[in-house]
Structure formats: structure tokens, C-alpha cells
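1. predicted model and sequence below, questions to follow.
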Amino acid sequence: MISAPKSRVGSLPAPPWQVVFTKEAQKDARKLASAGLRPTAERLREVLKKNPFKNPPPFEKLLGDLKGAYSRRINIQHRLVYQVLKDERIVKVLRMWTHYE
């Protein structure tokens, strides 16, 4: 007797998040590339596409003017700052240059 294959509905991976960039973040991307930090920023982008709340690398929930946004370290000086639009599965990158400028 041959049994039917088991359903994998519960184990399907979640669809990737869409990552979008503000105009400021696009300008910052050019600065990062010229500073040799593009590979690090690309790795963070891939993490955000899979799950913007994944640890590691660690992220911080921001306060004040940036309340509702998150940041991840690119290096000691620069941070990738983003918002998460859960219902739309969109990660909006706000900035990628300097510390919360």
C-alpha cells in the first residue's frame, strides 16, 4: 500500500519582504559604495528581505523622531535605519550613512 505524500503547508518559507529605499537612502548607498562598505550593506539588505526582525545581526528599536524605526550597524559609524510596514511586507530603508543624521 502506497501512502500519499505528507503536506508541507506548515513548513513553507514565508515570502520575502520587499526592500525599498528613500531618495536619501539611495544617495547614502552611493557614499557607502565609495567608502567600500557596499558588501556589508548588501548583506544587511539580504537579512531584511528574509526577516527584518531576525537576530543576529542585532537591531535597535529607535526612539524620539525616529520612533517606530529600527537600526542595524553597518560599521562603528554608520547605521542602516529602516521602517517595517508589516501589512504590506515592505521594509523601507530611510538612511544608511552616519549615526541617525
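-> Right, received. Where do you want to start? Numbers count the residues shown, from 1 in each chain.
2. distance of the residue nearest to E88 when sequence neighbours are not counted relative to V81?
-> In space, E88 comes closest to Q18 once its chain neighbours are excluded; the distance is 7.7 Å by CB to CB, 6 or more residues apart in numbering. In this view, the C-beta of every residue, glycine as well, is placed from N, C-alpha and C. According to CB to CB, to the nearest Å, Q18 and V81 sit 17 Å apart.
3. quick one: which of the two has more around it?
-> It is V81, of Q18 and V81, that has more neighbours when counted by other CB atoms under 10 Å, with 26 against 13.
4. what's the pLDDT at that one?
-> Looking at V81, its pLDDT stands at 96.
5. can you show me the strands along this protein?
-> 18-21, 60-61, 69-73, 79-85, 90-95 (DSSP state E).
6. let's have the ones you listed in a markdown table, adding distance to N51.
-> As requested, these are exported to a markdown table (distance: least, CB to CB, whole Å):
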| stretch | distance to N51 |
| --- | --- |
| strand 18-21 | 12 |
| strand 60-61 | 15 |
| strand 69-73 | 12 |
| strand 79-85 | 10 |
| strand 90-95 | 10 |
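7. those: which one's closest to V47?
-> strand 69-73 (7.7 Å; CB to CB).
8. what angle do strand 79-85 and that closest one make with each other?
-> 150 degrees (axes from the mean of the first three to the mean of the last three CA atoms, to 10 degrees).
9. so what strands line up beside strand 69-73?
-> Strand pairing for strand 69-73, determined by DSSP bridges: strand 60-61 (antiparallel), strand 79-85 (antiparallel).
10. so how far is the longest one off the chain centroid?
-> The gap between the average C-alpha position of strand 79-85 and the chain average comes to 6 Å, counting by CA atoms, centre = their mean, to the nearest Å.
11. tell me the angle that strand makes with strand 90-95.
-> Put simply, strand 79-85 runs at 150 degrees to strand 90-95, going by the same axes, to 10 degrees.
12. if anything else comes up later, I'll come back, but that's it for now.
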